[in-house]
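J.: would you be able to build a 3D model of this:
(chains A, B and C)
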Amino acid sequence: MTADCLVRFSGVSYTYQGTDAPAIADIDLEIGAGEWIAVLGSNGSGKSTLAKHFNALLLPTQGDCFVHGLNTKTEEGKRSARRSVSMVFQNPENQLIAAVVEEDVAFGPENLGLSPGEIRERVRWALEVSGLGKMARKPVYALSGGQKQRLALAGAIAQETPCLVMDEATTMLDPKGRQDLMAVLSNLHAGGMTLVSITHRLEEILPCDRCVVLYKGRVAWEGTPEALFLLDEEMVRWGLEVPGMVRVWRMLLKEGLIGKETPPRMEEMVEALCR
Amino acid sequence: MKFLNNMTLGQYVPVESPVHHLDPRCKIVAVLFCLVGIFMVRGLLGFAMWGLFFLTLVGASKIPARLVLSTVKPVWILVVFTAAIHLFFTGGEPVFSWGILEVTREGVIMAARMGSRLMLLIMFAGLLTLTTSPTELADGLENLFSPFRRFGFPAHELAMMMTIALRFIPTLLNETERIMKAQIARGAELERGGPLKRIRAFIPVLVPLFVIVFQRADDLATAMEARNYTGGEGRTRMNPLQWTAGDSAAFAFSLLFSLLAVFLDGRVTLP
Amino acid sequence: MSIAVRDLVHVYHPGSPLQTRALDGVTFEAEKGNWVAVVGHTGSGKSTLAQHLNGLLLPTEGSVSVDGIPVRHGEGCLRRVRQKVGLVFQYPEQQLFEETVFKEVSFGPRNWGFQADHLEKSVRGALELVGIGRELYEASPFRLSGGQKRRVAIASTLSSDPDYLVMDEPTAGLDSTGRRQLLGLLSELKKLGKGIIHITHDMELALGLADTILVLDEGRSTLWGPPGVILGELLERDIRGLVIPDLVRFAGRLRDLGFEVPLTWEPKTLAEAIGRSHGR
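T.: Sure thing, here's the model as predicted:
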């Protein structure tokens, strides 16, 4: 186990009550501080089940999860997990408790028993980072889907955890909503936050350091986004769709028109082609 | 695509006003005193005083009058029905006859009285929810009921349930509308037929709503747990309730006004 | 015969202080066997427009007619229109309520008065079209996977055999397999002669699959034409709510730098063109 490892999964399996087959099985995973990891998989691959183990919402039926070295099956470990990992879920509507924007962000800090002054400061900062600074007193029902999701994100940020897990957080958003959310995540990562993006959209893995592919509840592959993009039939088998840009990148690589060092990003590709 | 606009049903309207800044406990108890007072006045003077007090409050709250009035909309049938019962079925000196229906002088007075009482009652309560966010209301109620916790009264849990229920009213209304439309698009007749037929016709709307609500409850519980919610113990507040001199003044004033209205109403009669 | 929308205006809560002009002049025509994509920013009136096409909403001004039947009260117009135009809302699986898949898909045709054999045939036909096998007919719709639920929900609109199908973001929330299946279904329906009206945020989808694109902006129809024309406009100026697909932008950049590549959103076409152009 590496020194600054934040989260470690060791042989983790989880079987839901009343079912025979495990939803996830034999998962070994290590996430270091400051990394941005993408967990990819089609619907039914076990992504959400895996996600809920990060902050001890679920405890493995086999194997162990460690957050900051503490086993989440212990009281200490569970508390550590909840204080170290916050989460944003798929449905923006079903995460928001309060009727007013700033009151919802305050919910997490209030549960931690902080002083009113400290809560107010965290709320102010979290709203600022999420781009909702001017909407503190707005009623929640007046927000768009993308804004609601950013509000849920603000609520998670206000908990000041070193790690943030986004469980399919962009799935229900429109393109603008997704764009705004990804921008906030980039800023958070630049500021040193550890991020775990659980998604089926390959467009979102470009900024990530590492990708883990889940297939039928098991880790099918692990590596960098660029390495992942070079795979073909495996992607089809795993139910993942390669974005158009990446397809072009692959074809240009094959024809030798660009070198392997060029990432599948527009600017770099344009530059490489002009040389 | 909004059928009952979200601004109705007394949803919180965040505006800067002295009424908004009052402690929710003050508002809740003051409203209760006013309600008792409203039901105890009988004459024109009493109602006039309450009407004036109400209008002053509306002005002070900076909430547009039409919004306050709209809180009566969902239950206007009840108001009209109550007034009608009193209008047609109070015995006394007949004033107007229409077939078997007879309107008496006493009936007109009773109808006016009950109608006004109901309207004032609804609008006062509406003013409360319009000027107090669900969280504030919940905090206020939780605080007021906390002495009863030692007897096992789940003050915090009820307050939390209330906050969540109120917050989801606009969402549920939208979802109900959407599902109704989806079923109408498939040929469901939700508007026609006798009561039994209409109730059965609503199953395609009720079942999906139930599913949505239960899923929501599950998701919310998970989200709350992820945000370290473990019940009321040890929870602090971003805006802790602070009783100020202004609250004492407002409270005292409401109480005194209530007593005055009832007192004068009994003593001074208008021609 | 088509759905004809002319100068459509829709005002919510007219006369009240909450009045909103959701549609402010929309004109277009949707024909059978044609695929119309409706695009526009959030709040541009797409959903409001969709609900006029099957008479859930009535025009405040202007007119909507389906195969000559006007969308207005009286003479059973609305009922006839609703049989001809199937409307599938976003996340349609939320409308499921019956005990079995078969009953769910029978709900629509039963309401429209389909009798025994015709009913049976329509239901089976719809379920086959969406790829739900016989073994699931007696299953509870609530026990199906997300993708299966969506397909059952769509089947429950198809079973009434509408001539036109209005779909609001049908691929929302689906993974790539689900998406591909659904788009395949829509293509199939178009081949069967149905008129498809597809509301979407995905410009790549619209450009790639539609015959004509309708652009809405603040409740007004601002552009109406085939994908090539719309793309041309989009490259000339910023249209609120519309995103130029990445590949098209890439192609545009290369063109600016002298490459002879078409403005396409198809990876293979672009890659081959780059290959040819690079040689020179």
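J.: residue contacts, residue A:166?
T.: A:87, A:88, A:185, A:195, A:196, A:197, A:198, A:199 (CB atoms under 8 Å, 6 or more residues apart in numbering or on different chains). The C-beta positions use only the backbone N, C-alpha and C, and glycine is treated the same way.
J.: if you set the cut-off to 10 Å instead, what comes out?
T.: Counting by CB atoms under 10 Å, 6 or more residues apart in numbering or on different chains, residue A:166 makes contact with A:38-39, A:51, A:87-90, A:149, A:152-153, A:156, A:181-182, A:185, A:195-199, A:204.
J.: now the helices for the stretch 101-250 of chain A?
T.: Using DSSP state H, counting those that start in this stretch, the helices of the stretch 101-250 of chain A run over residues A:101-111, A:116-129, A:145-157, A:175-190, A:225-229, A:233-238, A:244-254.
J.: so which of the ones you listed comes closest to residue C:152?
T.: Closest approach to residue C:152 among the helices of the stretch 101-250 of chain A is made by helix A:145-157 (24.7 Å; CB to CB).
J.: and the closest one, what does it pack onto?
T.: Helices and strands touching helix A:145-157, by 3 or more CB pairs under 10 Å, 6 or more residues apart in numbering or on different chains; DSSP states H and E, are strand A:85-88, helix A:101-111, helix A:116-129, strand A:163-167, helix A:175-190, helix B:203-226.
J.: relative to the whole chain's centre, how far out is it?
T.: Distance of helix A:145-157 from the chain centroid (CA atoms, centre = their mean, to the nearest Å) equals 14 Å.
J.: okay, angle between that helix and helix A:175-190 too, please.
T.: Orientation check (axes from the mean of the first three to the mean of the last three CA atoms, to 10 degrees): helix A:145-157 against helix A:175-190 gives 20 degrees.
J.: show me what contacts the nearest residue to residue B:104 once chain neighbours are set aside?
T.: Spatial nearest neighbour of residue B:104, excluding adjacent residues (CB to CB, 6 or more residues apart in numbering or on different chains): residue B:92 at 3.9 Å. If you count contacts by CB under 10 Å, 6+ apart, residue B:92 has them with B:102, B:103, B:104, B:105, B:106, B:107, B:108, B:109, B:110.
J.: same check on residue A:192?
T.: Neighbour list for residue A:192: A:33, A:34, A:162 [criterion: CB under 10 Å, 6+ apart].
J.: of those residues, which is the nearest to chain C?
T.: Taking CB to the nearest CB as the measure, chain C lies nearest residue A:34 of the contacts of residue A:192, at 28.2 Å.
J.: my read is that that closest one contacts residue A:188, right?
T.: No - using CB atoms under 10 Å as the test, residue A:34 is too far from residue A:188 to be in contact (11.0 Å).
J.: more neighbours: the two, which one.
T.: Neighbours were tallied for residue A:34 and for residue A:188 using other CB atoms under 10 Å in any protein chain shown; the higher tally belongs to residue A:188 (19 against 16).
J.: and the more buried one, what pLDDT?
T.: Here the pLDDT value assigned to residue A:188 is 96.
J.: hey, what's in contact with both of residue A:34 and residue A:188?
T.: Common neighbours of residue A:34 and residue A:188 (CB under 10 Å, 6+ apart) are A:194, A:195.
J.: how about the residues of the stretch 151-275 of chain A by chain B?
T.: Within the stretch 151-275 of chain A, the residues that sit near chain B (CB under 10 Å from any CB of the partner chain) are A:152, A:155, A:156, A:158, A:159, A:165, A:167.
J.: I meant to write the stretch 151-280 of chain C there.
T.: So the stretch 151-280 of chain C meets chain B at C:153, C:156, C:157, C:159, C:160, C:162, C:166 (CB under 10 Å from any CB).
J.: just flag the most distant two among the residues you listed.
T.: That would be C:159 and C:166, which, of those, are the farthest apart (CB to CB) at 15.9 Å.
J.: which residues sit in contact with the residue of the stretch 1-150 of chain C at minimum distance from chain B?
T.: Proximity to chain B, evaluated over the stretch 1-150 of chain C using CB to the nearest CB, is greatest for residue C:111 at 2.9 Å. Applying CB under 10 Å, 6+ apart, we find residue C:111 in contact with B:183, B:184, B:186, B:187, B:188, B:189, B:204, C:79, C:82, C:83, C:160.
J.: what's the distance between it and chain A?
T.: From residue C:111 over to chain A the distance is 30 Å, taken as CB to the nearest CB, to the nearest Å.
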